[in-house]
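A.B. asks: sequence? don't have it. structure:
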C-alpha cells in the first residue's frame, strides 16, 4: 500500500464516519474526527469520538469491538474504508482534541467553498471533550466510486 | 415510523449519505451512497449500483443505519432501517432510474450507469443528532 | 384541594383554546397560501390559454412563474419534428438566452424527462455529478442552462399523451425545489402545453393560408416533387417538357375603356370563370393571370392543351351569347400553344413566393398567341405541339407559316387548329 492511499486528515476535505453494531447486528453511525495513524508502522488508527455523541457507540463497543470507518473526500470522493478492532478507549488529550479541531476546521473551509455560507455550520460540530479510540487495522479498502471500489488495499 | 416533513430535505441527495450494514461475524461495513430516496411515508430506498458488500450484508442481516445531511444547516440525522424488499420496476424505480440517468448523461455515461434495483427499507427510527453540534 | 380542581380545569381549557387557536391560525394561513396559489395558477391559465401568440405564451408563463414562485431561471423547449430532440424556444434569467440550443432525448435532466415523459426534480446536482464523473474519464456534455445548476425541475409538456416539449426551471442553490413546487409546475405545465398546442395548430393553419396566398399552384409543387406547400423552398426547381397555352382577349383595352372599373372587374371574373374549367378539365393548371390573359401549363400530352383550346372556343361562344343578350360587345380571343422544355420552380422573396415556369418556351407561346391576330385565326399551335400530340385525329391542323421568333435561331412552323 502506498502512502497516497492513506488518510491525510489535514487535507480539509475529509468526512469521517464510524460504524459500530451490537450482537443483534443493529448498526449505528457516529461522526468522528481527526482520524490519524498513531504509529510509524501504520498498524493502528486513532479517531476522536466527541463525548456528547458517545453513548450509543460505547454501548456497542462494550460488547463488540469491531468497527468500520469510512474516510471520504467530500469533494472528490476519494474514499478509503478501514476495518479494525478497538483496542483502547481513553479520554482525548488536548493534543488529540487539537488534531480533531484541525480536521474539522480545515474541512469547514472546503464546505464553505462548495456550499456557501452554510458551510460555516461545520465548525459548530462540538469538540470540547472526546474519547480517543485506538483501532488495530485489520483490513483497508478503496471505496472511491469507480473501478477500484471494493478493492482490498490491505 | 413516519418520515416527517423536516427530514425531507435530507432525502433529496443534496449531500451524499453514508450507510452501515453488518455481516454474519458482527463486523460493520460503512460506505458512501449518493442518495437515500424517500419511498413513501415509512420507507426509504437506496440504489444498487456497485456497493456490493452493502447489498450482500443486507441479504443476511436486514438491519442498516444511514446518516443523512440537511443541506440547510449541515446538521445530520441517523435513520435506523430494516430491509423489506427489492424493486426493479414501478414508479419509484423509474424515478430513481431517471435521476441516475440524468446525472450520468451529463457526462455521457448513461450507458454505464444503469440502476439494477432499488432496495426498499422501512424506517424504524430516526434521530436528529443535534447534540453533535453547538447550534 | 377540592376548590382547586376547577381552577386547574380552567387553566387546561385555556391552554387548550390557545393551542386550538394556534392550529386554526396555522390551517388558515396554509389555506390562504393554497388559495392564492390556486388563484395565481388560474390567472396564468386564463391568460395564456386564450392567447394564440406562441411568444406571448412563453414569455407570460415564465414571467408569472418567476414573479409569483421565484422560478427565475426557466426555459421552454419544444420537440423537433420527426426527431428525438428538443430545441430551446424561450428562456428567462440567462445571460445568453440560448435560443435554438438543442437537447437530445436522454441527455441531462431535460432530455431524460423528454424520453420518459415524467417530471423530474433534482437536488445536489453538482455533488452527484462529481460522484459520477469520478468513475468516468468522459468530458461533460454541453447542455443549455446554468453551468452550475445544483437544483432543477424539468416537466414534460404533454397534450393527448403526445410530448410537445419540456419546461425546465433551475437554480444554483443546492436544494431549491420542494414537492410543492413540483405540484405547482405540474398544474401550470398542463395549461402551458394546451396553450402551446392550440397556438401551434393555429400557427400552422395561418402559415398554410399565408403560403397558399402566395399563389403557388399546387400543380407546380407536384412538378417540383412536393406533396405539400409547406415543404416548398425558394429556388427549388426541375426541368420538364410541358405544353404552354396563352389565351388573350383581342382589343381588351378598347373594350375595358367603355366599362366602369366595377364592370371591368365583373366582366373579367365572369370571362375567367367560363374559361378556367376548360384548363383543369384537360389536365392543365393555370400558372398565372396577366391582366386579361391566362397562362396555362399542361404537363402531360400536348393534345390536352389543344383540347382545352377547342373547348375555350365553345365556351367563348356561350359567353358571347349571354353578353350580347345583355347588350354587351362580343369578344374574340387568341390562343397560342407551344410545347418545349421549361424550368419549373419557385422564385421570389420569402414573403412573396411564386411558383412559375421559366424559359424560352414561355416567350415562344406568348409570341405565337400574338400571331393569331396576324393570321386571323383563333388557335395557333407550334410544330412541336402538333407532332407531340397523341390524338391527332381529333383535330384539324392547317399549316400557316414558318415564323422567326425572337431569341430563336431556327424558324418555327405554326398551324391553325380547329
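C.D. replies: That came through, no problem. This one's a predicted model, so the numbers in the text were calculated from it and none came from an experiment. Residues are numbered from 1 along each chain as shown, chains lettered A, B, ... in the order given.
A.B. asks: quick one: the strands in the chain, in order.
C.D. replies: Going with chain A. Secondary structure of chain A (DSSP state E): strands at A:14-21, A:27-31, A:33-37, A:44-50, A:66-73, A:79-91, A:130-142.
A.B. asks: chain C, not that one
C.D. replies: Counting by DSSP E, chain C has these strands, from start to end: C:74-79, C:85-92, C:102-104, C:120-122, C:151-159, C:162-171, C:237-249, C:285-290, C:293-298, C:333-349, C:352-358, C:379-382, C:397-403, C:412-417.
A.B. asks: quick one, which of the strands of chain A is nearest to residue C:77?
C.D. replies: strand A:66-73 (35.9 Å; C-beta to C-beta). C-beta: built from backbone N, CA, C; applies to glycine.
A.B. asks: so can I have JSON lines of the strands of chain A showing distance to residue C:393 and mean neighbour count?
C.D. replies: Formatted as JSON lines, the strands of chain A follow (distance: least, C-beta to C-beta, whole Å; neighbours: other C-beta atoms under 10 Å in any protein chain shown):
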{"stretch": "strand A:14-21", "distance to residue C:393": "99", "mean neighbour count": "26"}
{"stretch": "strand A:27-31", "distance to residue C:393": "103", "mean neighbour count": "25"}
{"stretch": "strand A:33-37", "distance to residue C:393": "108", "mean neighbour count": "22"}
{"stretch": "strand A:44-50", "distance to residue C:393": "111", "mean neighbour count": "24"}
{"stretch": "strand A:66-73", "distance to residue C:393": "96", "mean neighbour count": "24"}
{"stretch": "strand A:79-91", "distance to residue C:393": "96", "mean neighbour count": "18"}
{"stretch": "strand A:130-142", "distance to residue C:393": "96", "mean neighbour count": "20"}
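A.B. asks: least confident of the strands of chain C, on average?
C.D. replies: When the strands of chain C are compared on mean pLDDT, strand C:352-358 scores lowest, with a mean of 57.
A.B. asks: distance from stretch C:301-310 to the middle of the chain?
C.D. replies: From the chain centre to the centre of stretch C:301-310 is a distance of 35 Å (C-alpha atoms, centre = their mean, to the nearest Å).
A.B. asks: could you do stretch A:123-137 as well?
C.D. replies: Mean-position distance between stretch A:123-137 and its chain equals 8 Å (C-alpha atoms, centre = their mean).
A.B. asks: start to end distance for that stretch?
C.D. replies: Taking C-alpha to C-alpha, to the nearest Å, stretch A:123-137 runs 29 Å from one end to the other.
A.B. asks: give the rounded mean pLDDT of that stretch.
C.D. replies: For stretch A:123-137, mean pLDDT is 93.
A.B. asks: and the strands of chain A as a markdown table, adding distance to residue C:399?
C.D. replies: Below are these laid out as a markdown table (distance: least, C-beta to C-beta, whole Å):
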| stretch | distance to residue C:399 |
| --- | --- |
| strand A:14-21 | 104 |
| strand A:27-31 | 109 |
| strand A:33-37 | 112 |
| strand A:44-50 | 115 |
| strand A:66-73 | 100 |
| strand A:79-91 | 100 |
| strand A:130-142 | 100 |
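A.B. asks: ok, residue C:48 to residue A:127 distance?
C.D. replies: Note on residue C:48: its distance to residue A:127, by C-beta to C-beta, to the nearest Å, is 56 Å.
A.B. asks: for the stretch 251-400 of chain C, give me the ranges with low pLDDT.
C.D. replies: Applying pLDDT under 70 to the stretch 251-400 of chain C flags residues C:344-358.
A.B. asks: can you rerun that using 50?
C.D. replies: Counting by pLDDT under 50, the stretch 251-400 of chain C contains low-confidence ranges at C:352.
A.B. asks: need the helices for it, in chain order.
C.D. replies: C:252-257, C:261-281, C:302-325, C:360-374, C:383-388 (DSSP state H, counting those that start in this stretch).
A.B. asks: so which of the ones you listed gets nearest residue B:57?
C.D. replies: Closest approach to residue B:57 among those (C-beta to C-beta): helix C:261-281, 82.6 Å.
A.B. asks: list the buried residues of the closest one.
C.D. replies: Of the residues in helix C:261-281, C:264, C:267-268, C:271, C:274-276, C:278-279 count as buried by neighbour count, 16 or more other C-beta atoms under 10 Å in any protein chain shown.
A.B. asks: who touches that helix?
C.D. replies: Here helix C:261-281 makes contact (C-beta atoms under 8 Å, 6 or more residues apart in numbering or on different chains) with C:245, C:247, C:249, C:256, C:259, C:285-286, C:289, C:292, C:294, C:296, C:308, C:311-312, C:315-316, C:318-319, C:328, C:331.
A.B. asks: residue contacts, the nearest residue in space to residue A:47 that is not next to it in sequence?
C.D. replies: In space, and not counting its chain neighbours, residue A:47 is closest to residue A:32: 4.4 Å by C-beta to C-beta, 6 or more residues apart in numbering or on different chains. When contacts are counted by C-beta under 8 Å, 6+ apart, residue A:32 touches A:16-18, A:47-50, A:69, A:133.
A.B. asks: run the chain-centre distance for stretch A:61-77.
C.D. replies: Relative to the centre of its chain, stretch A:61-77 is centred 5 Å away, using C-alpha atoms, centre = their mean.
A.B. asks: give me the phi and psi for the residue positioned nearest the centre of chain B.
C.D. replies: Chain B has residue B:36 as the residue nearest its centroid, 2.8 Å off, counting by C-alpha atoms, centre = their mean. With angles defined as degrees, to the nearest 10, residue B:36 sits at phi -110, psi 120.
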